[in-house]
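Visitor: Got a predicted structure plus its sequence, pasted below:
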Amino acid sequence: MNVLSFLKPTHEVILLYSDETLKAALDRMTEHRFTSIPVIDRANNYVGTLTEGDILHFVLQNIDCLNENEMEKLHVTDIKRHRDYEPISVNATMPLLLSKAKNENFVPVLDQHDKFIGIVTRKKLIEYFFEHNFMVL
């Protein structure tokens, strides 16, 4: 079994580009009710993971000067991220994938050229194990 068995490819992933605005990030995360979202650049390089907490801390630190016009000028990369979800290689082992997924909503996956090719969601892994009776009691 390999990572590709569980991969949600880039074209199916709701994500942010690093040059998008804070307003776009808030809109996308609110629309999809996400607590975290992968961020990539236009060359498909994984930049990191933006979370609700990252945005909240940024807003609280800039509350005096932040309005809708300012949110249109700020980019996703202007927001300090507390911690990024560590990506894995498409060739990673299942134990590595599972160890990453136990702590995160999703695991970013990179190809042999370190380009973002999608994510593996914790939900997908759990569904697989339930379907195949790998239940731990």
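Guide: Okay, I see it.
Visitor: In the protein, which residue is most central in space?
Guide: With distances taken as Cα atoms, centre = their mean, the chain has residue 38 as the residue nearest its mean C-alpha position (2.6 Å).
Visitor: Leaving out chain neighbours, which residue sits closest to that residue?
Guide: residue 15 (4.7 Å; Cβ to Cβ, 6 or more residues apart in numbering). The C-beta positions use only the backbone N, C-alpha and C, and glycine is treated the same way.
Visitor: hang on, the one you found packs against residue 39?
Guide: Yes: using Cβ atoms under 8 Å, residue 15 is in contact with residue 39, at 6.8 Å.
Visitor: Neighbour count: these two, which is higher?
Guide: residue 39 (24 against 20; other Cβ atoms under 10 Å).
Visitor: and the more buried one, what element?
Guide: Counting by DSSP states H and E, the element that carries residue 39 is strand 36-40.
Visitor: I am finished for the moment; much appreciated.
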